[in-house]
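>>> how would this look folded up:
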Amino acid sequence: MDSAILSLLGAFLLSIMGLFIFIWSMRKGLLVENPRAASVIFAPGELGKVDDPALQGGAQDRLQVAATAAAAAQGEGGHVADPDELQHRIEADHSSAFPVFMFISFACFWLVLGSLAGLTASLKLHMPDLLVSEAWETFGRIRTIHLTAVLYGWITNAALGVIIWLLPRLLRTHLVGAMWVMLGGALINTGIASAIGAIGSGWTDGMEYLEIPWQIGIFIVAGFICIIGPVLYTLVNRKVESLYVSVWYMVAGLLWISLLFIVAKMPGVHTGVQQATTNWWYGHNVLGLWFTPISVGSIYYFLPKIIGRPVRSYNLSILGFWTLAFFYAQVGGHHLIGGPIPGWLTTLSIVQSMMMIIPVLAFTINMAGTMWGRMHLARYSPTLRFMMFGGFMYMLSSLQGSFEALRSINQVAHFTHFTVAHAHLGAYAFVTMVLFGAIYFMMPRVLNWEWPYPRLITLQFWLAVVGISIYFVGLSIGGWLQGLAMLDPARPFMDSVAVTIPYLQWRSVGGSLMVISHIVFVGHFLAMALRFGPTRTGAALFTPPAKAMEFAHGE
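Predicted coordinates for the structure are as follows:
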């Protein structure tokens, strides 16, 4: 079967599934404004109680005072949380602790490896004689190792850790089948390690983001299947009536990535020119239907949870979910403008890219309303800073992506470093920063230990922010100049190469700061896991005595 038809059929089936679920949701009244569903992340009486496990006692108190003053100014108040409801949350967290620790540990390992590979690839762009003695050190292989390690190793493992930790909390039940989840994680990471070894040796399937050989991809598919079963079974056995919007995003994202990967890796199907269609159908959807749902779902949980205030409009959050599901499936086609594919396909992609403004605005308005009068709390809460920064970058990267799909902009930006800058704005400034914040929130609950050196959290945040800012701004300017040079018939091609060199050097400077931030992050994680730092009693879950502190922390 023609792979272009197959990818369109896959998108059509996704849309049909979404349509039927949408109709079912309307019949059940799930799209009616539902304050109870918006508050399901809080125990009864817990509204107004701030929570940031990354903070020490004094800092937590200062955050609470600031939040209470903001609530009083807006006529809101807090109460004493119901200890029985908090006990259910503790039991849910305890059931997921070991699988979550496994996923985050794998994620940290791949983050460091992938970052170092990415920095090496960046240096080689303006220092081409660097590391050329071995085949695996060449740019083509080292960059692909970087992509595989950060997209599948870091982001996917961290995303799975967030899903497995959040769902039992939101469903107020224990995780069913934790051993199957851990088996799935082992299979996925076996596949990632094997894929990186294969890529280093020159064995790939040759499509961007899909370089993993399909024989190795079987391990990854099997791993996702092992995880999907327990997730769905936990969902079926939930103890809540209203599903919080984060559940929608995360369960859908897990199902979407499994279907996307299976279709994209089918051997012997995607060949010739049609292969490019499948490549960008998958390449964009892995961001929009896997990374984005997990990150947006995380913000919808952690941001209201930290400030002790429910999301402003539950309806807007559901609108954002369904419009993402309906409009994103064919966005990737705008990467093929000017290629030997049907014109209607690229036009459809441009239209859907512009329609993506709807879910982005729904999210942005909702988060702005939720944070109204509480923006200053970011001064007190490091986790909140990560969530707010990531949410703002989601708006910026998505709007930029929509307008970048227009032919007038695409003709300059395409095939340039401008596209690379945009990709990092989404995958790093948005997705990775949200995952950092989620891990800072989760791990004290998982490891029964507070972060030993809180100032390192602030240091890591600013290293990452300054690094990605230098990276994005420098590469965007250099990429745009590169595109203009390539479009000028009076200029030789080498002009388009030479003009980028200063900006590629700035890219390496920004990338170096990002790598340092990752080393600080992973080193801090190891210190926490190995019980370094001042002796404290954490708020978490490997040992029963944590329950008293759990109540004291309001969590």
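
>>> residue contacts, residue 376?
With C-beta atoms under 8 Å, 6 or more residues apart in numbering as the criterion, the residues that contact residue 376 are 66, 70. Heads up, the C-betas are built off the backbone N, CA and C, glycines and all.

>>> so residue 186 makes contact with residue 223?
Yes: taking contact to mean C-beta atoms under 8 Å, the distance of 7.4 Å between residue 186 and residue 223 places them in contact.

>>> residue 189 against residue 157, yeah?
Yes: the pair formed by residue 189 and residue 157 meets the contact definition of C-beta under 8 Å, at 7.1 Å.

>>> so for these two, which residues contact both of them?
In terms of C-beta under 8 Å, 6+ apart, residue 189 and residue 157 are both contacted by the residues residue 106.

>>> for residue 45, phi and psi?
When quoted as degrees, to the nearest 10, the phi and psi of residue 45 stand at phi 80, psi 0.

>>> now for the host helix or strand of residue 225, which elements pack on it?
Element membership for residue 225 (DSSP states H and E) is helix 214-236. Contacting helix 214-236 under the criterion 3 or more C-beta pairs under 8 Å, 6 or more residues apart in numbering; DSSP states H and E are the following elements: helix 157-171, helix 178-201, helix 245-264.

>>> closest one to residue 412 among these?
Smallest distance to residue 412 across those (C-beta to C-beta): 28.9 Å, for helix 245-264.

>>> list the buried residues in that closest one.
Neighbour counts using 16 or more other C-beta atoms under 10 Å place 245-261, 263-264 of helix 245-264 among the buried residues.

>>> can you tell me which helix in this structure is longest?
Taking residue count as the measure and DSSP state H as the definition, the longest helix of the chain comes out as helix 83-126.

>>> returning to what we had before: want to throw the helices and strands packed on helix 214-236 into TSV with distance to residue 106?
Supplementary listing: the helices and strands packed on helix 214-236 in TSV, determined by distance: least, C-beta to C-beta, whole Å:
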stretch	distance to residue 106
helix 157-171	5
helix 178-201	5
helix 245-264	17
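
>>> which one of those helices lies nearest to residue 492?
With C-beta to C-beta as the criterion, residue 492 lies closest to helix 178-201 of those, at 33.6 Å.

>>> in what helix or strand does residue 129 lie?
Following DSSP H and E, there is no helix or strand that holds residue 129.

>>> for it, phi and psi?
The phi/psi pair for residue 129 (degrees, to the nearest 10) reads phi -90, psi 0.

>>> start the count at 743, not 1, going forward
Understood, numbering begins at 743; the last thing we discussed is residue 871.

>>> what count of nearby residues applies to it?
Other residues near residue 871 come to 6 when the count uses other C-beta atoms under 10 Å.

>>> how far away is it from residue 881?
12 Å (C-beta to C-beta, to the nearest Å).

>>> kindly report the same for residue 837.
Summarising the geometry, the distance separating residue 837 from residue 881, computed by C-beta to C-beta, is 45 Å.

>>> repeat for residue 953
Relative to residue 881, residue 953 is positioned 14 Å away (criterion: C-beta to C-beta).

>>> ditto for residue 1129
Relative to residue 881, and taking C-beta to C-beta, residue 1129 is found at 35 Å.

>>> the more surrounded of the two?
Ranked by neighbour count (other C-beta under 10 Å), residue 1129 and residue 881 place residue 1129 first, with 31 against 17.

>>> tell me, what residue is most central in this protein?
In the chain, the C-alpha nearest the mean C-alpha coordinate belongs to residue 1173, at 3.5 Å (C-alpha atoms, centre = their mean).

>>> pLDDT value on it, please?
In this prediction, residue 1173 carries a pLDDT score of 97.
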